[in-house]
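Asker: Provided below are the primary sequence and the corresponding predicted coordinates.
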Amino acid sequence: MITSHIQRIAILRALQLGDLLCAVPAFRALRTTFPNAHITLIGLPWANTFRQRFSHYIDEMVVFPGYPGLPEQPHDPVAFSEFMNLMRKRSYDLVLQMQGNGTLVNPLVLAMEAKYTGGFSPKGTVPESGMFVPYPEDLHEIERHLYLLKQLGIPAAGTHLEFPLTTADRDSFRSLQLPCEDYQYICVHPGSRAAWRQWPPPYFAAIADHLAEQGWKIVLTGSNEERELTLAVKSYMRFPAVDTAGELSLGGMAVLIKKSRALVSNCTGVSHIAAATATPSVIISMDGEPHRWAPLNTHLHCTTDWTRHNDFDRMLIKADQLLARTDDRVYHRA
């Protein structure tokens, strides 16, 4: 459906880390089909660092100035007017709406006046054009965007995630001077952007103690804003733990996770880093949407929908089973 003469592409996905990581397979598919195109990500301010990490897929980042009804950031009318003038001036060949089901933002992307505009439309509504497809509620987030591209004639280039590591990332990790060897510790990440998506600290402490009792070192991870959470988990624990909250860059945390035996976390950005670095993980889904966000490799990752199965003892069994069945994979994450 899309011609090969596409030179300028813009993608609207002004969301957080996990959302962007799950879109990487779609970015890879676009780059594979259009190797010489200039690809722009329209994202939140923090995503400048994401673009730098994924510069092999994304050439440029344009900051999205917010839009009425979208919760990710406040709407700035003046900045929005300048943004829209820029989008129209650039005369994109293709603009893709990967923000959501399109209820709010489809008029916005159409107003950018690209040669082609595609994306999702709300289910049950008439698509804006032949390049808009009904939003598939039942697909995983990774597969959802690949489905969109497939409808536009752009084939997938794999469903695997990526998280390229840099020298700066490794330097950040080394600065931690972690008092344990690679693959001899387990990362426990109790944070998540929304408090309602966080498993209670006493549960994280109890599963960490269970693993520590088996001889594993426990490393608590989190951002500087999540320090209170990691301190709370540590206060509930009977065994010692190393608290690294706020001590590492995002890339340094990714190295820490990659070199760990496993990760225990909420369903949040770091769970996708574990998927990208092939680190075994026990993931607790508090939003009832594991079908959308759980890592696709169910051998390497164990996801529990806590809204349906809130049995803590079952979580301990799942963690033990994961460690037992992934033992042969530990040293294959070079």
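Answerer: Sure thing, it's come through.
Asker: alpha carbons only for contacts and neighbour counts from here, please
Answerer: Noted.
Asker: run a quick neighbour tally on S192.
Answerer: Other residues within reach of S192, judged by other Cα atoms under 10 Å, total 20.
Asker: could you chop the chain up by domain?
Answerer: As assigned by automatic domain parsing, the chain contains the domains 8-151, 167-329.
Asker: need those in CSV (columns: distance to A157 and mean pLDDT).
Answerer: Shown next, in CSV, are the domains of the chain (distance: least, Cα to Cα, whole Å; pLDDT from 0 to 100):
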stretch, distance to A157, mean pLDDT
domain 8-151, 5, 95
domain 167-329, 15, 96
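Asker: mind putting those in CSV, distance to T159 included?
Answerer: Shown next, in CSV, are the domains of the chain (distance: least, Cα to Cα, whole Å):
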stretch, distance to T159
domain 8-151, 6
domain 167-329, 9
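Asker: relative to G69, how far out is the closest residue to G100 other than its chain neighbours?
Answerer: Residue nearest to G100 in three dimensions, not counting chain neighbours: F120, with 7.0 Å by Cα to Cα, 6 or more residues apart in numbering. Remark: distance between F120 and G69 (Cα to Cα, to the nearest Å) = 17 Å.
Asker: those two: who's more crowded?
Answerer: It is F120, of F120 and G69, that has more neighbours when counted by other Cα under 10 Å, with 26 against 11.
Asker: and I9, how many neighbours?
Answerer: By the measure other Cα under 10 Å, the count of residues near I9 is 23.
Asker: where does it land in three-state SS?
Answerer: Classification of I9 by DSSP: H, G, I helix; E, B strand; the rest coil places it in strand.
Asker: from what I see, it and V95 are in contact.
Answerer: Yes - in this structure, I9 is within contact of V95 by Cα atoms under 8 Å, at 5.8 Å.
Asker: what bridges to L12?
Answerer: Beta bridges link L12 to I42, Q97, judged by DSSP bridges.
Asker: neighbours around it, how many?
Answerer: Residues lying near L12 (other Cα under 10 Å) number 21.
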